Structures are given as structure tokens and as C-alpha cells.
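Enquirer: Can you look at this prediction? I've put the sequence above it.
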Amino acid sequence: MAAGRPGKHPPKALRMSVELPLWRALTGYRILTLVYTLCLFALSYERYAHPWGAGAYMAALTVWMGFTWRRTTSPERCTRHFLIVDLAFAVGGILLTPLVDTHERIMGGGPTLPSIWTAGAVLGFAIKRGWRWAAVASALVATANLVERQEFARDTVHNVVLLWVSSVAIGYVVEVARASERTLARALQIEAATRERERLARDIHDSVLQVLAMVQRRGATIGGEAAELGRMAGEQEVALRTLVSGGPTPRRTPHTEERAAGSYGNEEAAPGAEGAAAYAGRPASPAPYADEESREPCDVRALLAPYACAGVTYSEPGAPVELPAAAAAELAAAVSAALDNVRVHAGAGARAWILVEDEPHAVIVTVRDDGPGIPEGRLADAEREGRLGVALSIRGRLRDLGGSAAWISVPGQGTEVELTVPKGVRPEGGRRGKAGT
């Protein structure tokens, strides 16, 4: 892993949860409804048949809330035992109402002792356990209300149905939200793993695969024991290509050997980074930017100017062309891979042109050559065969920068590669910052 800046602590990972606002809302609901219930009790204190009994329940409910109000602030604190006791307080208060209130007030539609605070206990089951547990809790509250009223009064049935429907609906929504959250988390894990796999594949392509391809060709040329070594290197190259591309292992045939040695898309034509950069003596492609935490700007011209040589014409603006250092290094590596393709596939006498354009919202680098061009469908064939120079070293890098890579090629008229990087982005893969889409 790349080392961060000394003295800087890595940012804390925030726990993503769609239900956290629901827990906070439930906590606020329980507190507000307790205040409302106490006010309702204070206004009706003298109307109770046994006000001291009602007051004792209100005191117990207040103490319970004082000790447990934080229980509903997070799913970890809200345990099943707490929910059961909380519901017991609500149901017990409903059943206690006929003992402390007058029959006339109860039959006239007077509120129960816990009043609307009861809904908080049921909603706790809905958020914690889903709609099935919410339905059971609502059924218990409905039964207690019918026992307390001793008849199917319209207002009682209305309140019971409203509580049942709302709690079941909230429980169902919570279950759907949790499933969506798990799906999103899994998709993010797959995307992160894919990005890291592509980053490793690029590194392998730019080094190991090039060396194996060179050993295979040199061994076949020298013959003898070197030919056997070249054959083994070719087998390992195929296996490694299959590993980084994730496809089935292709069988080597004389036709595929010939295409591997000379067709467009075989970018692994030079040993290592230095050999791959040996286009008419040009320098090796720049190393990846070491400090991935840095956002300091870097002049792209300084990274691309060394590519100019007898076979490469380089054109740049007169003013600095700045990108974040990591993005500039990735763009230069993509240009290096494009020049590798020119050297390998356009021939030793081919010329190349590099044009850097500084647009208001993006940096555009165009690499053009006067070679034979790319046959139609060759890039797709190369990617299917596991030859990932274009797919990863160029297109993959640009995609991670939030940019794009476009090829324009007419057989016999050369190839033009246009690399576009939006400004203000950094490489994505693995531990890197988030890029645009």
C-alpha cells in the first residue's frame, strides 16, 4: 500500500445506514409523546377515579423513559428485550386504564394512560424487526385496546387499524431499504475489487507480460535450449493473461502464435518499462505518482516533453497545462503505451505526433502516427485474447481518471488516439480518490 503523508491520520469510515434517520425520528417521537401524555394527564387529573394510581403509572413511565430514551438512537442499543419491556409498559398502561379511570370517560372515548406514546413501542418493532414483528406488536396493542373499551367502538377500531397499517408499512419500507443497502454495498465491493484487479493487471501488463513476450520471441529466434525456455515463457504468458483478464485459458495454435507475435493489440513487445519506452531512444514512461494523498498540480508538458525525438514530433501550448500529479502521471503512462503501439505495429520508420491541448474543462492529448492503421475489430479481438494493452494501459487508465480514450483509424492512413482527462480529478482505483463518471 502506498504510504500517506506523515502526521496525517486516515479519514474515518462513515457507516452508511438508511435507517439511522428513522431511529432518530423514533427517539424524538417517544420524547414528544411522553410530554403530550403527561400534559394530558395533568389536565384530566381530577377526572380520574383513582388519580394516585394513574399518577403512579405516569411516574413509572417517566422513569422508564429517562433511563431508556437513548435505547432508540441506534439499532445496536435497541435490543429485543428492551422492545418487549417497552411494549409491556404500553400494553400494561392500556389494561390499567379501566382500574384508575371512570367508566363514563372510557365509554366516551377518553384516552388510555399511555395515549399515543403506545405507537412508539410498536414502531420500534417495525424499524428493528420488520413488518412481521410490527404486525404482531400491533395485534397485541389492538387486543389491549378492545379489552379496555369492551366493545368495537368506531374510534377505537379506527385507531387500531391506523396503528396497524402505519407500523406494517414502515416495517416493510425498512426491510426494502436494508435489502437495497446490502445490494449497494455488495456492488461497491465488486467495483472496488474490479478496480484493484485492473490496476494490478496494468502493472503486470507494463512489466511482466512484456518480459515474457520478449523471452518467447528471443528464445524462438536463438533456438536450442533457449527455444524451450521461450516455449515455457509463452505458456506462462498465456496463463498470466488469463489470470488478469478473468477468461478461460486459450489454446496456443500456430495461427494464434503468429497473431501474438505480429498483430495489432500485441503491445507486450519490449522487455520491461525501459524496453517498452525505447521508441527511438525516448525515456521510459514516468513512474506512478508515489504520494496518492497529494493534490498538488503538475505540468503535463514536463512529463510528455521527453518523448520528443527524431521519430516523434511534440507540440504543446505556451502556458502550463496543469493536472493533479497522480492524474498527470497516469495520462503520461497512457501516452507511453500509445507510443509503444506505434513503435511495434507501425514499423521502425513510422513517425508519430503528440499534440497537447488545454481546454477550459479538460486536457486533451492526441497521439497520431502514419502507420498502416488498425484493422476493423482488431482491438476487440485483442481484448478477448487477453492482450490488455489498449484495454487497460490506455482505456482503463483514462476511465479511472473520469476521462475517455478514442481511436480513429483508417487502414493505410495511420491511427489517431485522443486521450481526454477532465480537470480536477485523481486516479480512482483501490485506495484512490473518487473520480467523475
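Expert: Here it is on my side, so go on.
Enquirer: Give the buried residues for stretch 192-200.
Expert: Using 16 or more other C-beta atoms under 10 Å as the burial criterion, the residues of stretch 192-200 that qualify are 195, 197, 198, 199. In this view, the C-beta of every residue, glycine as well, is placed from N, C-alpha and C.
Enquirer: can I get the CA coordinates of it in PDB?
Expert: Taking C-alpha atoms only, stretch 192-200 is exported to PDB below (Å, rounded to 0.1, in the frame of the first residue of the first chain):
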ATOM      1  CA  ALA A 192     -13.600  -1.800  -5.800                       C
ATOM      2  CA  ALA A 193     -12.300  -5.300  -6.400                       C
ATOM      3  CA  THR A 194     -12.600  -4.800 -10.100                       C
ATOM      4  CA  ARG A 195     -10.700  -1.500 -10.000                       C
ATOM      5  CA  GLU A 196      -7.900  -3.100  -8.000                       C
ATOM      6  CA  ARG A 197      -7.800  -6.100 -10.400                       C
ATOM      7  CA  GLU A 198      -7.500  -3.700 -13.300                       C
ATOM      8  CA  ARG A 199      -4.800  -1.700 -11.600                       C
ATOM      9  CA  LEU A 200      -2.700  -4.900 -10.900                       C
END
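Enquirer: Can you tell me the element the residue nearest to the spatial centre of the chain falls in?
Expert: Closest residue to the average C-alpha location of the chain: residue 188 at 3.3 Å, with C-alpha atoms, centre = their mean. Assigned by DSSP states H and E, residue 188 belongs to helix 154-206.
Enquirer: Identify, from the buried residues of stretch 192-200, the entry nearest to residue 88.
Expert: Of all the buried residues of stretch 192-200, residue 88 sits closest to residue 195, with 50.8 Å by C-beta to C-beta.
Enquirer: I'd assumed residue 397 was in contact with the closest one.
Expert: No: here residue 195 does not reach residue 397: they are 11.6 Å apart, not a contact under C-beta atoms under 8 Å.
Enquirer: quick one: contacts for residue 299?
Expert: For residue 299, the contacting residues are 320, 321, 322, 328, by C-beta atoms under 8 Å, 6 or more residues apart in numbering.
Enquirer: hang on, I meant residue 127
Expert: 19, 22, 23, 26, 75, 78, 170, 171, 174.
Enquirer: How many residues are close by the first one?
Expert: In other words, residue 19. Around residue 19 there are 17 other residues, counting by other C-beta atoms under 10 Å.
Enquirer: any idea how far it lies from residue 318?
Expert: Going from residue 19 to residue 318 by C-beta to C-beta, to the nearest Å gives 56 Å.
Enquirer: just the fifth one next, same as before
Expert: For residue 75, the distance to residue 318 equals 60 Å [C-beta to C-beta].
Enquirer: neighbour count winner among these two?
Expert: Higher neighbour count among residue 75 and residue 318: residue 75, with 14 against 6, using other C-beta under 10 Å.
Enquirer: quick one, phi/psi of residue 317?
Expert: Note on residue 317: its backbone torsions stand at phi -70, psi 160 [degrees, to the nearest 10].
Enquirer: before we move on, the earlier item: the contacts of residue 299 in helices, which ones?
Expert: Assigned to helices by DSSP state H, the following of those qualify: residue 328.
Enquirer: where in the chain is pLDDT low?
Expert: 1-17, 201-207, 209-210, 237-294, 377-393, 424-437 (pLDDT under 70).
Enquirer: could you pull out the strands for it?
Expert: 297-299, 312-315, 322-324, 352-358, 362-369, 404-409, 415-422 (DSSP state E).
Enquirer: Out of those, which is closest to residue 164?
Expert: So among the strands of the chain, strand 415-422 is nearest, using C-beta to C-beta, at 52.7 Å.
Enquirer: okay, that closest one in CSV with CA atoms only?
Expert: Extracted C-alpha coordinates of strand 415-422, given in CSV (Å, rounded to 0.1, in the frame of the first residue of the first chain):
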residue,chain,number,x,y,z
THR,A,415,-4.1,5.9,-36.4
GLU,A,416,-5.1,8.7,-34.1
VAL,A,417,-5.7,8.2,-30.3
GLU,A,418,-7.4,11.0,-28.4
LEU,A,419,-6.9,11.0,-24.7
THR,A,420,-9.3,13.3,-22.7
VAL,A,421,-8.9,13.9,-18.9
PRO,A,422,-11.3,16.3,-17.1
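Enquirer: Who are the packing partners of it?
Expert: helix 325-345, strand 362-369, helix 397-400, strand 404-409 (3 or more C-beta pairs under 8 Å, 6 or more residues apart in numbering; DSSP states H and E).
Enquirer: Show me which of these has the highest average neighbour count.
Expert: Sort the helices and strands packed on strand 415-422 by mean neighbour count, taking mean count of other C-beta atoms under 10 Å, and helix 325-345 sits at the top with a mean of 25.
Enquirer: relative orientation of it and strand 362-369 in degrees?
Expert: Relative orientation of helix 325-345 and strand 362-369, computed by axes from the mean of the first three to the mean of the last three C-alpha atoms, to 10 degrees: 10 degrees.
Enquirer: to the chain's geometric centre, what's the distance from helix 325-345?
Expert: Distance of helix 325-345 from the chain centroid (C-alpha atoms, centre = their mean, to the nearest Å) equals 27 Å.
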